[in-house]
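Asker: Let me see the structure of the following:
(chains A, B, C and D)
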2 protein chains.
Amino acid sequence: MRERILDVALELFNAQGYDATSLREIAERLGVTKAALYYHFKSKGDILLELHLRLHDLGGDLLAELDALPDDQVVVAWPGLVDRFIDSVMANRELFLLHQRNRRAFEQIADDPRHHQANEDVEERFRRLLGSEAIPLAARVRMVCSVGAVFIGLMDPDALFGDEPKERIAELVRETVHELF
Amino acid sequence: MRERILDVALELFNAQGYDATSLREIAERLGVTKAALYYHFKSKGDILLELHLRLHDLGGDLLAELDALPDDQVVVAWPGLVDRFIDSVMANRELFLLHQRNRRAFEQIADDPRHHQANEDVEERFRRLLGSEAIPLAARVRMVCSVGAVFIGLMDPDALFGDEPKERIAELVRETVHELF
DNA sequence: GTCTATATTTCGATAGAC
DNA sequence: GTCTATCGAAATATAGAC
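Answerer: Residues are numbered from 1 along each chain as shown, chains lettered A, B, ... in the order given. Prediction:
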């Protein structure tokens, strides 16, 4: 049940936004009542947090590799990492979409102890990397731009490119980003 | 007063999100009461709509040029248009930020008659352009990627690049995007 | 043009029966 | 594990005085 709740919540949060989605809607879609949700999650924010932590796990693996690299090798390793990032986005599009479209909601749950557990927030580490003065500013800007290109290109390909196969789009985005390095 | 309401609303919508910002907060910041806002705007959504229409005007000018071009010249004209787009984003960052971070809220407003007035929605026209089969898919993907690069690179430069001057960042984004064409 | 006061709705959350 | 019933808070919106 817990899993079904997360599935429906993810879908509705993406379709309507986190704030605009009530627990009543989620419960109705599942054919249960609002109170039933409180057996599985102690609050609405807890549902969002659970979804957020799954994204953590995805991003954490990639960032662990980045952290292991000395600063002067980050740039040369970047294209390879972007490839893996593209794979990850393709395989978990809804989770990434949730994060992109509900950034503010995530900010409000950032204080939760479960969120600041062993390692710090993925986004924070990424931000520090992009602020590192050991990497030339021009390279950092390109890194940021490549992330933006991947996000906008792959996040909702149906809306932009109709029924073009997603894999085709992903390959073209890959080529585009590689040209920057 | 109407203008001051829009200023405060824009600021709060960006800082906390549209849904999470109440009319009470806006009124308190202005030193007036909630009810006073209803004299100037007939609803909360009306405030958002007004802000949206201003973005319309900005994007409409650029798209008018695109519409005037035959399909086979869109790609060659693109780099120049992106330059102007970058200028527009830099000069109206808060408005663009609002649109990017509150897409869902805007969707709920899309049915308003004032929104579907003379010409159709800017975003819709942009989407159709990117769906046009007269332009090679590879070029369309690059166009989309360039927009993503501009958005993520310029939308919140302080958070990403610290106190690096915004103009410097804008120039680097410009160079990055030009390399794709 | 701004106020007070209030209507109305909806939400997140809890208590307790089954 | 799910239900009914309900609470309290906060939100949008309205009515009418000044």
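Asker: Every contact and neighbour count from this point should use C-alpha atoms.
Answerer: Will do.
Asker: What is the subsequent helix or strand relative to the lengthiest helix in chain A?
Answerer: Ordering each helix of chain A by length in residues (DSSP state H) puts helix A:44-68 first. Later in the chain than helix A:44-68, the nearest helix or strand by DSSP states H and E is helix A:71-91.
Asker: Give me the contacts around that following helix.
Answerer: Contacting residues not belonging to helix A:71-91 are listed as A:58, A:62, A:66, A:96, A:134-135, A:139, A:143, A:146-147, A:150, A:154-155, A:170, A:174, A:177-178, A:181 [CA atoms under 8 Å, 6 or more residues apart in numbering or on different chains].
Asker: Filter the residues you listed to keep only those in contact with chain B.
Answerer: A:S146, A:V147, A:V150 (CA under 8 Å from any CA of the partner chain).
Asker: top of those residues by neighbour count?
Answerer: Using other CA atoms under 10 Å in any protein chain shown as the neighbour criterion, A:S146 leads those with 30 neighbours.
Asker: which SS class is that one?
Answerer: When classified by DSSP: H, G, I helix; E, B strand; the rest coil, A:S146 comes out as helix.
Asker: mind showing which ranges of chain A have poor pLDDT?
Answerer: A:117-120 (pLDDT under 70).
Asker: what residues does it put near DNA strand D?
Answerer: Chain A comes close to DNA strand D at residues A:M1, A:G31, A:V32, A:T33, A:K34, A:A35, A:A36, A:Y39, as judged by CA under 7 Å from any atom of the strand.
Asker: what residues are up against the nearest residue to A:A105 once chain neighbours are set aside?
Answerer: Using CA to CA, 6 or more residues apart in numbering or on different chains and skipping residues adjacent in sequence, the residue nearest A:A105 is A:Y18, 7.0 Å away. Going by CA under 8 Å, 6+ apart, A:Y18 touches A:L12, A:N102, A:A105.
Asker: Which of these ranks first by neighbour count?
Answerer: Counting neighbours by other CA under 10 Å, A:N102 leads the contacts of A:Y18 with 21 neighbours.
Asker: ok, A:G153 - contacts?
Answerer: A:G153 neighbours (CA under 8 Å, 6+ apart): A:I169, A:A170, A:V173, B:V141, B:V144, B:C145, B:G148.
Asker: Just give the number of residues close to the third one.
Answerer: Other residues lying near A:V173 total 25 when counted by other CA under 10 Å.
Asker: A:A149 is in contact with that one, correct?
Answerer: Yes. When contacts are counted by CA atoms under 8 Å, A:V173 is listed as touching A:A149 (7.4 Å).
Asker: Find residues that contact each of those two.
Answerer: By the contact definition CA under 8 Å, 6+ apart, A:V173 and A:A149 are jointly contacted by B:C145.
Asker: host element of A:E124?
Answerer: Per DSSP H and E: A:E124 is located in helix A:122-131.
Asker: Which residues belonging to that helix are considered buried?
Answerer: A:V122, A:R125, A:R127, A:L129, A:L130, A:G131 (16 or more other CA atoms under 10 Å in any protein chain shown).
Asker: what's A:G45 in contact with, if anything?
Answerer: Contacts of A:G45 by CA under 8 Å, 6+ apart are A:I109.
Asker: what separates it from B:V74, distance-wise?
Answerer: In this view, A:G45 and B:V74 are 45 Å apart by CA to CA, to the nearest Å.
Asker: Show me which residues of chain A sit near chain B.
Answerer: A:15-17, A:19-20, A:101-104, A:127, A:130-131, A:138, A:141-142, A:144-153, A:159-162, A:169, A:172-173, A:176, A:179-180.
Asker: Buried members of those into ChimeraX, please.
Answerer: Those of the residues of chain A next to chain B that count as buried under 16+ other CA under 10 Å are selected in ChimeraX with:
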select /A:16,17,101,102,104,127,130,131,141,142,144,145,146,147,148,149,150,151,152,153,160,161,169,172,173,176,180
